[in-house]
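> Pasting the sequence and the predicted model now:
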Amino acid sequence: MKINRKVRLVQALYGSIILTVMMQPIGMLGYGSYIWMLFMPLLLFFAFGANFKIIPSMIVSYICGVAWALVNGVLAGLLGGLLPETMVNIAAPIIVIFCILTVHENFLAKTIVGNVPALFMGLASTFFSFLIVPANAPAITPVHLIGFFLYGILLSVILAGGGFAVCSLIFGKDKVIEVFEGK
């Protein structure tokens, strides 16, 4: 068996165990219906190449996305007195998304709040979580959303860093680096 396959198998075993064990506290605290939210930062982190340096911008931009979702709610409330509901549901998101793209993608693109994918993840998870509450699940707040995201980031760090460490102990650091660099 090639070293690449061995490293990936060990990493898969480590990841499956750690991920499963670390998801348990969410269920034990009564938020089992929201476990899916832990995977969102995990997906984003690995989509960015498991780059630890991008984590601060992921966190801050996600929080901005949650804030923009709240702005959308306030704007919808203001427009509700002026427009029919169907128009409010169109106008408010158009205005908010335009503002997000103008501010974060144009003016703040190279700053800590310029991570537009993480920002939209915050926006979308806020919309989704507040519009669709799973049966028998506790209601959550923006603080919960941010907490779930941060815990998902922690999972990402432990999966990437711990997986690398375990594989390095077994196969040697240089070989593992070669596998991850695609050599």
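Nice, thanks for sending it over. Residues are numbered from 1 along each chain as shown.
> C-alpha only now, for contacts and for neighbours.
Will do.
> Got phi/psi on residue 100?
Per-residue torsions, residue 100: phi -60, psi -50 (degrees, to the nearest 10).
> again with residue 46
Main-chain torsions, residue 46, degrees, to the nearest 10: phi -70, psi -30.
> That one - nearest residue in space that isn't next to it in sequence?
Distances taken as CA to CA, 6 or more residues apart in numbering place residue 156 nearest to residue 46, at 7.9 Å, with adjacent residues excluded.
> I'd assumed residue 38 was in contact with that neighbour.
No: with contact defined as CA atoms under 8 Å, residue 156 does not count as touching residue 38 (9.3 Å).
> give me the low-pLDDT residue ranges for the protein?
183 (pLDDT under 70).
> about what we covered before: who are the contact partners of the residue nearest to residue 46?
Going by CA atoms under 8 Å, 6 or more residues apart in numbering, residue 156 touches 41, 42, 45, 46.
> What are the boundaries of the helices in this structure?
Using DSSP state H, the helices of the chain run over 3-28, 36-47, 55-80, 85-100, 116-131, 142-157, 163-171, 173-180.
> Quick one: work out the angle between the third one and helix 85-100.
So that's helix 55-80. Using axes from the mean of the first three to the mean of the last three CA atoms, to 10 degrees, the direction of helix 55-80 lies 150 degrees away from that of helix 85-100.
> who are the neighbours of helix 55-80, in terms of helices and strands?
With contacts taken as 3 or more CA pairs under 8 Å, 6 or more residues apart in numbering; DSSP states H and E, helix 55-80 sits against helix 85-100, helix 116-131, helix 142-157.
> if we can go back for a sec, export the helices of the chain to TSV and tack on distance to residue 107?
Output for the helices of the chain, formatted as TSV (distance: least, CA to CA, whole Å):
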stretch	distance to residue 107
helix 3-28	37
helix 36-47	23
helix 55-80	14
helix 85-100	10
helix 116-131	12
helix 142-157	24
helix 163-171	37
helix 173-180	34
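> Spatially nearest residue to residue 111 (excluding sequence neighbours)?
For residue 111, the spatially nearest residue (CA to CA, 6+ apart) is residue 57, at 7.9 Å.
> mind checking how far the residue nearest the centre of the chain is from residue 136?
Central residue of the chain (CA atoms, centre = their mean): residue 41, 2.4 Å from the mean position. Distance of residue 41 to residue 136, computed by CA to CA, to the nearest Å: 25 Å.
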